[in-house]
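Novice: Provided below are the primary sequence and the corresponding predicted coordinates.
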Amino acid sequence: MILGEVPGGYVLRDFYTYLLFDVANPLGDVTVIPPPPGSSYQFAVFGAIIAKMGYRTYVLNLPTCRRSTISKALSNARGELIYVGYAHKLAYASPGAVINPEEVTLETVRRVARGNAEFRVMWERCIGGDVQPREVVVLGHLPEALAKLEVWLAERFGRR
């Protein structure tokens, strides 16, 4: 379903398991992985920012912390991976970069769950998840991380 279009920018499509910011002549594919139990709508701004940089961007929908839901969502990941918050600790697919890194704590998971208005989930399950060190590049916190993100993506796609 097409949700909207930014002339000369991108077309926003909702495939339920992910949002797609589709740009003409993309520089590459990027997937934004939000922290579970986060909805793709909560983190759509990351997709819009990356699409404005010229990349086709997928924003995954991770509405619960069930392993099966996370695995199904991660199967839609394409290109370079951008993890948000603590996503790389609970929903790791492969090496990538982290924006706004944070720990998996009761308060951080509760905050993400509260923002997910579409789903009422048993978010406490996220606290007991498989948290392990992961291979990621920490880009820092917004808004300072945007410049680092742009450079990191350019390097990953061979433009620098």
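Specialist: The structure has been received and is ready for your questions.
Novice: Downstream of the worst-scoring helix or strand of the chain on mean pLDDT, the next helix or strand is which one?
Specialist: Least confident helix or strand, the chain: strand 2-6 with a mean of 70, by mean pLDDT, DSSP states H and E. As assigned by DSSP states H and E, the chain's next helix or strand after strand 2-6 is strand 10-14.
Novice: Pretty sure Asp29 sits against Arg56.
Specialist: Yes: counting by CB atoms under 8 Å, Asp29 does reach Arg56; the two are 5.0 Å apart. (C-beta placed from N, C-alpha, C; glycine too.)
Novice: Out of these two, name the residue with the larger neighbour count.
Specialist: Ranked by neighbour count (other CB atoms under 10 Å), Asp29 and Arg56 place Arg56 first, with 22 against 15.
Novice: quick one: that one and Ala24 touch, right?
Specialist: No: with contact defined as CB under 8 Å, Arg56 does not count as touching Ala24 (9.5 Å).
Novice: follow-up on the earlier one: what's the overlap in contacts for Asp29 and Arg56?
Specialist: Gly79 (CB atoms under 8 Å, 6 or more residues apart in numbering).
Novice: got a list of contacts for stretch 83-91?
Specialist: 32-36, 38, 43, 46, 60, 62, 65, 70, 73-74, 92, 96-104, 108-109, 112, 126, 129-132, 134, 136.
Novice: Now, of those residues, which are buried?
Specialist: 32-36, 38, 43, 46, 60, 62, 65, 70, 73-74, 92, 96-102, 104, 108-109, 112, 126, 129, 134, 136 (16 or more other CB atoms under 10 Å).
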